[in-house]
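Q: Predicted model and sequence below, questions to follow.
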Amino acid sequence: MAGQRAMAARQPSESTQVFSLAMKEQLSRLINQALDTLADQGILSDDLARRIQIDRTRDPSHGDLASNIALTLAKSAGRNPRELAALICEALPAAPFLARTEIAGPGFINFFLSEASSQGVIRDILEQREAYGTSTAGQGRQVQVEYVSANPTGPLHVGHGRGAAVGDCICRLLEATGWAVTREFYYNDAGQQINNLALSVQARCKGLQPDDPEWPQDGYRGDYIGDVAQAYLRGDRVDASDQHVSGSADPDNLDDIRRFAVAYLRREQDLDLQAFAVHFDNYFLESSLYADGEVAATVERLVSRGHTYEQDGALWLRTTDFGDDKDRVMRKRDGGYTYFLPDVAYHLNKWQRGFERVINEQGADHHSTVTRVRAGLQALECGIPAGWPDYVLHQMVTVMRDGEEVKLSKRAGSYVTLRDLIDEVGRDATRYFLAARAANSQLTFDINLALSQSNDNPVYYIQYAHARACSVMRRLAEQGWQWHAETALQQLDGLEEEHEKALLRQLARYPEVVTAAATASEPHGVATYLRELAADFHTWYNAHKMLVEEPSLRNARVALCEAVRQVVANGLGLLGVSAPETM
RNA sequence: GCGCCUGUAGCUCAGUUGGAUAGAGCAGUAGCCUUCUAAGCUAUUGGUCGGGGGUUCGAAUCCUCCCAGGCGCGCCA
């Protein structure tokens, strides 16, 4: 966490942004100038739509950066792409960071950076340290991220774990790109499920077992219910993140049991999240929406805007006016509200708190609420944009061990708990595996793979790269060799090996990876990148000795090594995975 | 039946928002440790990108129709 704060506090200085995002920016300007020149010469018309796209190349033989500008303009310019590319290259002003250009394939322009320019990324990294890769794109704007939001009816399961990992990584990415993030956990402490929980605990208090015929309908059957009952009967005091409750030990006081059970399970979940290194700024209780009259106020407003009607004794909202496939009941025949209404009230509350951007991370099994909540917010007619809020939905997690699906946890009664997973494979591996895949594809969590200590296992593979780099620095000191960054930065021209050039390219890409992952709310991009960076590092490490006798080459290689270490640490930090100095 | 998501090597997955010859890891095969950590590296095998049609200079990526799987379709949350 300290690292995160340091990261947020430290702004990248202007002079050091030259080699990452700004490189594309500069190139884009040069191309624009070239197009101006061609327009002046009457070769191109002035009014061409110029959408200048610059990509990093996949293949080093294609240079460092490439543009398809000649391909996209060819048709409207009435020239063939390669010919146009040649004209653009000719008109391109000279720039110190560019070594040469080349026309390739159907008409791509490939740009080769000068060596000094490529090597400059090391200076960027060693000067910016934790801040390398961060940006101020968010301009300090407020964003709220809601995730996990498990109801306090049992331990967190793997699915919650995926939400916790993805949601937390999104928050870290947003912080790294200049947003002011509020992390929020919403839970239902008011509905029927909580009542079932209370009845289940009460049944245990009275000596019933889940298999008994008198066991409550829809009761919870896991062993943890017994733990709650025992604690309640002992009169234990429970301290959860947002509440403190003592059990009265009276098995007939259902309200007391309810309060106690909720607090108890909230504390359990707190411990699960703590073990997972996930924290929240705010816990929001559904019950507070009723207590503060916000649910009633929401109903009133929806009615007054004319989007409701009565039918069959219930109050309906005409959500079909806002894209839903059927209208929804707000108030049931028995006078109670459906879950959907507090959801709308809650999101209105978020809007009123000033969050222009809100991201909800949820399991995809709740995807039907997306349209519904947005429709409800539109019906309020209070200026909320149509697509608000954003949603990130994650698909189901299947846990495998020894080639077979793991389905049961004795403690929880049915599902694999997050705690089981952390206890078995550790926090780092659990976080990595749950965040390293695109959220909207189903995930297979292979326990054997997560446990393996070899390059089967990407977590250790990446961490090992960091530990190796640290080891080099320790060896350097043991040898009594002096190393000063400022001196080394003057000697970078010794980095001529292909493996070194590959690393430089990889390092330069990092800020774009972070920006892209943050913009798309896709943390797995960082994980993929780190795997590649680690691979390039290990390859280099095996091919060349860093601590060579010759001082200037040694200095340059140590600088590169240190730069890689820094970026690996930064990337792992975004994933909430530790960067060990030894392994 | 309707809606959302997914389909890429035997397995688990990437694929820079439409770019160049589709990439990793595992599994398989053959190699590398008196030298900075072998939790590593090197070489190699493996593809109708679910299928058909379309859009254009160019499609794994966009449109459309099929096929298969997951999730959701409640006056439960």
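A: Sure, I can see it.

Q: For RNA strand B, give me its nearest residue in the stretch 251-400 of chain A.
A: A:D312 (2.9 Å; CB to the nearest atom of the strand). Where you see a C-beta, it was placed from the backbone N, CA and C, and this is true even at glycine.

Q: these two touch, right, that residue and A:R333?
A: Yes. Using CB atoms under 8 Å, A:D312 is in contact with A:R333, at 6.8 Å.

Q: okay, now A:S246: neighbour count?
A: A:S246 sits with 14 neighbouring residues when counted by other CB atoms under 10 Å.

Q: check contacts around the closest residue to it other than its chain neighbours.
A: Leaving aside its chain neighbours, A:S246 sits nearest to A:R237 (4.5 Å; criterion: CB to CB, 6 or more residues apart in numbering). When contacts are counted by CB atoms under 8 Å, 6 or more residues apart in numbering, A:R237 touches A:H244, A:V245, A:S246, A:G247.

Q: What is the neighbour count of the last one?
A: Using other CB under 10 Å, A:G247 is surrounded by 26 other residues.

Q: Distance check, it against A:I257.
A: According to CB to CB, to the nearest Å, A:G247 and A:I257 sit 8 Å apart.

Q: Where do the strands of the stretch 201-350 of chain A begin and end?
A: A:237-240, A:243-246, A:282-285, A:308-311, A:314-317, A:328-331 (DSSP state E, counting those that start in this stretch).

Q: In JSON lines: those, plus mean pLDDT and distance to A:T369.
A: What follows is the strands of the stretch 201-350 of chain A, written out as JSON lines (pLDDT from 0 to 100; distance: least, CB to CB, whole Å):
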{"stretch": "strand A:237-240", "mean pLDDT": "92", "distance to A:T369": "26"}
{"stretch": "strand A:243-246", "mean pLDDT": "90", "distance to A:T369": "26"}
{"stretch": "strand A:282-285", "mean pLDDT": "95", "distance to A:T369": "16"}
{"stretch": "strand A:308-311", "mean pLDDT": "94", "distance to A:T369": "19"}
{"stretch": "strand A:314-317", "mean pLDDT": "95", "distance to A:T369": "14"}
{"stretch": "strand A:328-331", "mean pLDDT": "94", "distance to A:T369": "10"}
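
Q: quick one on the thing from earlier: can you tell me which of the contacts of A:R237 comes closest to A:D270?
A: Of all the contacts of A:R237, A:D270 sits closest to A:H244, with 12.2 Å by CB to CB.

Q: Enumerate the beta-bridge partners assigned to the closest one.
A: A:D239 (DSSP bridges).

Q: Now do it against A:V238, distance only.
A: Distance from A:H244 to A:V238, by CB to CB: 7 Å.

Q: One more: A:P342?
A: Taking CB to CB, one finds A:P342 at 25 Å from A:V238.

Q: ok, now A:W179?
A: A:W179 is 34 Å from A:V238, by CB to CB.

Q: in whichever strand or helix holds A:V472, what's buried?
A: Using DSSP states H and E, A:V472 falls within helix A:458-478. Neighbour counts over helix A:458-478 (16 or more other CB atoms under 10 Å) mark A:458-470, A:472-473, A:476 as buried.

Q: just those now: which is nearest A:K545?
A: Out of the buried residues of helix A:458-478, the member with the shortest distance to A:K545 (by CB to CB) is A:V472, at 9.9 Å.

Q: quick check: domain ranges of chain A?
A: Here the domain assignment for chain A is A:14-113, A:142-190+A:283-394, A:192-279, A:397-451, A:455-575, based on automatic domain parsing.

Q: Does RNA strand B have contacts with the first one?
A: Yes. Residues of domain A:14-113 contacting RNA strand B under CB under 7 Å from any atom of the strand: A:53, A:55-59, A:61-63, A:66, A:68, A:71-72, A:74-75, A:81, A:104-108, A:110.

Q: Any of those buried? List them.
A: Going by neighbour count (16+ other CB under 10 Å), the residues of domain A:14-113 next to RNA strand B have A:56-57, A:62-63, A:66, A:68, A:71-72, A:74, A:81, A:104, A:107-108, A:110 buried.

Q: would you list those in a markdown table and tack on pLDDT?
A: As requested, those are exported to a markdown table (pLDDT from 0 to 100):
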| residue | pLDDT |
| --- | --- |
| A:R56 | 92 |
| A:T57 | 92 |
| A:H62 | 92 |
| A:G63 | 93 |
| A:A66 | 95 |
| A:N68 | 94 |
| A:L71 | 93 |
| A:T72 | 90 |
| A:A74 | 88 |
| A:P81 | 91 |
| A:A104 | 92 |
| A:G107 | 93 |
| A:F108 | 95 |
| A:N110 | 96 |
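
Q: and stretch A:387-400, average pLDDT?
A: Mean pLDDT, computed over stretch A:387-400, is 94.

Q: thinking again about what came up before, residues shared between the contacts of A:G247 and A:I257?
A: Common neighbours of A:G247 and A:I257 (CB under 8 Å, 6+ apart) are A:Y232.

Q: residues in the stretch 451-583 of chain A within reach of RNA strand B, list them.
A: So the stretch 451-583 of chain A meets RNA strand B at A:453-456, A:458, A:460-461, A:464, A:467-468, A:470-472, A:474-475, A:512, A:516, A:519-520, A:522, A:524-525, A:528, A:531, A:535, A:538-539, A:541-547, A:581-583 (CB under 7 Å from any atom of the strand).

Q: got the strands of the stretch 201-350 of chain A as JSON lines, with distance to A:I31 columns?
A: Shown next, in JSON lines, are these (distance: least, CB to CB, whole Å):
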{"stretch": "strand A:237-240", "distance to A:I31": "58"}
{"stretch": "strand A:243-246", "distance to A:I31": "60"}
{"stretch": "strand A:282-285", "distance to A:I31": "47"}
{"stretch": "strand A:308-311", "distance to A:I31": "56"}
{"stretch": "strand A:314-317", "distance to A:I31": "52"}
{"stretch": "strand A:328-331", "distance to A:I31": "52"}
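
Q: before we move on, back to that, who has more neighbours, A:D312 and A:R333?
A: Each of A:D312 and A:R333 has its neighbours counted (other CB under 10 Å); A:R333 has more, 10 against 7.
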